[in-house]
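# sequence? don't have it. structure:
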Ligand SMILES: [Zn+2]
């Protein structure tokens with residue numbers, strides 16, 4: 001006797017989230033891995049040029065910056081503490097190295113991290129990636145005539 005799952009998503013194939021995140025990290029479509037994910041630095045394409053997958057559902061929002069801040073913060077603070085503990089750097093060198101490294105790492109990581117987040121959203125079928133119709137951002141207010 002088997003367990004039957006009756007849900008709207010039961011008929012959908014499972015998506016490999018590791019593969020989708022890896023493709024997103026490389027800036028490729030999470031579905032096929034061939035088409036480009038971005039049309040500008042942080043602007044994803046609406047549909048994949050290779051497979052036609054709808055990618056406009058992505059809602060990465062603030063998660064990529066939070067992830068980048070967490071990773072870069074650990075690298076910079078750890079490096080600064082190690083340099084203080086074991087190095088004998090003059091203050092001007094700290095003032096040059098750590099802000100510059102923070103900026104470079106943040107810019108270098110932002111697009112790959114956003115790609116990974118979009119890949120994860122696609123894999124777990126968030127925000128319309130599961131095939132459900134788009135919902136409007138805000139429901140229109142009922143007019144006063146229909147409220148009687
Ligand atoms: Zn594709």
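Sure thing, it's come through. Bear in mind the structure is a predicted one, so any value in this text is a computation, not a measurement. Numbers count the residues shown, from 1 in each chain.

# Could you check how far residue 87 is from residue 102?
Distance, residue 87 to residue 102, using Cβ to Cβ, to the nearest Å: 18 Å. Where you see a C-beta, it was placed from the backbone N, CA and C, and this is true even at glycine.

# Skipping its backbone neighbours, what lies nearest the spatially most central residue of the chain in space?
Central residue of the chain (Cα atoms, centre = their mean): residue 117, 2.3 Å from the mean position. Leaving aside its chain neighbours, residue 117 sits nearest to residue 60 (4.5 Å; criterion: Cβ to Cβ, 6 or more residues apart in numbering).

# Doesn't the one you found belong to a strand?
No: assignment of residue 60 by DSSP: H, G, I helix; E, B strand; the rest coil gives coil, placing it outside any strand.

# The protein: strands as residue ranges?
Assigned by DSSP state E, the chain shows no strands.

# Around the ion, which positions in it sit nearby?
29, 31, 32, 35, 48, 50, 51, 53 (Cβ under 5 Å from the ion).

# will you turn these into JSON lines that also has neighbour count and pLDDT?
Shown next, in JSON lines, are the residues of the chain next to the ion (neighbours: other Cβ atoms under 10 Å; pLDDT from 0 to 100):
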{"residue": "29", "neighbour count": "27", "pLDDT": "95"}
{"residue": "31", "neighbour count": "22", "pLDDT": "92"}
{"residue": "32", "neighbour count": "14", "pLDDT": "93"}
{"residue": "35", "neighbour count": "20", "pLDDT": "93"}
{"residue": "48", "neighbour count": "21", "pLDDT": "93"}
{"residue": "50", "neighbour count": "14", "pLDDT": "92"}
{"residue": "51", "neighbour count": "12", "pLDDT": "92"}
{"residue": "53", "neighbour count": "17", "pLDDT": "88"}
